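Engineer: Dropping the sequence and predicted coords here.
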Amino acid sequence: MGRGQNGGVYERLSAPWSGFAEFIGERRQWAREPEEKSEHWWIAPFLVAGYRRRVEDIIGMAAWFAGDVDRDNLGINDLKAALGPWSQWLAYTSASSVPGASRWRVVVGLSRPHSVTEYTRLWRWFASRLPIDVHTKDASRLHFLPADWNGGDNQWHAQDGRPADVDSILSMVAADPVPPLPSPGDLRNAPDGTPIIPQSAIRQAMGRPDGGRLFSLMGQAAKRFRLNGWILSKGELAQAAMVASHQIAPGKARPGIEREAQRAIDWAARSFSIQTPLERMRERIRWEDRRRLSHFNPE
């Protein structure tokens, strides 16, 4: 969750459904102008490796799904009919909702956390039941919380029940093709002196709230090694992660560090293909362009 689209507070929230719904519901009493939406609180169901909010950087999704219903002017009874009276969900009107043109954000509790690949299939299932905005097909989307929007059509509904069963839903939706894993001959050793987790990444992690930041460092490292076609074992990644842990959280025990390292390596192998030298050069050019533009500040 966070406050402000381009800065502010970022924090990992761990709570049962009741606490999660209460946190969201508390914000609906805050009076705001619709144009202040970008400074309001938001939630997002993803955890990223590193600090960029891109689908390819996501290493895990939470146990809830959210989608926007921005057409057909549906009401609460329509949402109940689509989602069922027994399920666990909440809905609230967004900043763009006005009387006579309701715009809903629907948040549904799930039986378990899921992956990015599973998210695309969950989205297709929910979209078959509700006219969900196609833009929410992007797993990296932020979802602004409700408020007492001045002049808005401010409605709220929270319903407790059974969370939607992820595995049952997936059994009804065809799986997306999975990229093949590389053969040993496709991989090579990293150049001598290449750090697995660079000090620059560790310094960035030290300035962020605790909660998933070490796994983010591991995912970021596994992704970099995967894209370059470099060999990386779970033992090597775990050892580098422990060095980073001693700096960002001295004295903190990491009993499952090798298991987490293997999870990060498996995620990178599933999510990315080894880049050719030309692809790496193009990506480097794009990265340099983005960096220059982020520092450009016209007077």
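Structural biologist: Arrived safely, thanks for sending.
Engineer: Quick one: residues contacting the spatially most central residue of the chain.
Structural biologist: For the chain, the residue nearest the mean C-alpha position is residue 46 (1.9 Å; Cα atoms, centre = their mean). The contact partners of residue 46, by Cβ atoms under 8 Å, 6 or more residues apart in numbering, come to 58, 60, 61, 62, 116, 139, 140. (Glycine included, C-beta is placed from N, CA and C.)
Engineer: ok, of the residues you listed, which one's closest to residue 217?
Structural biologist: Nearest to residue 217 out of these is residue 60 (Cβ to Cβ; 14.2 Å).
Engineer: And what about the closest one, helix, strand or coil?
Structural biologist: Of the three states, residue 60 takes strand under DSSP: H, G, I helix; E, B strand; the rest coil.
Engineer: What ranges does the stretch 151-299 of the chain have for its strands?
Structural biologist: 156-159 (DSSP state E, counting those that start in this stretch).
Engineer: so where is it shaky, pLDDT-wise?
Structural biologist: Along the stretch 151-299 of the chain, the parts satisfying pLDDT under 70 run over 176-185, 287, 290-299.
Engineer: Would you map the helices across it?
Structural biologist: 166-171, 199-206, 213-228, 234-248, 257-271, 277-294 (DSSP state H, counting those that start in this stretch).
Engineer: Include mean neighbour count and distance to residue 190 when you put these into JSON lines, please.
Structural biologist: As requested, the helices of the stretch 151-299 of the chain are arranged in JSON lines below (neighbours: other Cβ atoms under 10 Å; distance: least, Cβ to Cβ, whole Å):
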{"stretch": "helix 166-171", "mean neighbour count": "14", "distance to residue 190": "36"}
{"stretch": "helix 199-206", "mean neighbour count": "15", "distance to residue 190": "15"}
{"stretch": "helix 213-228", "mean neighbour count": "23", "distance to residue 190": "7"}
{"stretch": "helix 234-248", "mean neighbour count": "18", "distance to residue 190": "10"}
{"stretch": "helix 257-271", "mean neighbour count": "19", "distance to residue 190": "14"}
{"stretch": "helix 277-294", "mean neighbour count": "10", "distance to residue 190": "13"}
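Engineer: Now tabulate these in a markdown table and tack on distance to residue 25.
Structural biologist: Shown next, in a markdown table, are the helices of the stretch 151-299 of the chain (distance: least, Cβ to Cβ, whole Å):
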| stretch | distance to residue 25 |
| --- | --- |
| helix 166-171 | 24 |
| helix 199-206 | 32 |
| helix 213-228 | 29 |
| helix 234-248 | 34 |
| helix 257-271 | 33 |
| helix 277-294 | 36 |
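Engineer: for those, which one sits closest to residue 92?
Structural biologist: helix 166-171 (23.0 Å).
Engineer: Centre of the chain to that closest one, how far?
Structural biologist: 20 Å (Cα atoms, centre = their mean, to the nearest Å).
Engineer: Who are the packing partners of it?
Structural biologist: helix 116-127 (3 or more Cβ pairs under 8 Å, 6 or more residues apart in numbering; DSSP states H and E).
Engineer: Now the element after the helix it packs on, going C-ward?
Structural biologist: strand 143-144 (DSSP states H and E).
Engineer: Quick check: can you name the pairing partners of that next one and their directions?
Structural biologist: Next to strand 143-144 in the sheet, as set by DSSP bridges, lie strand 41-43 (antiparallel).
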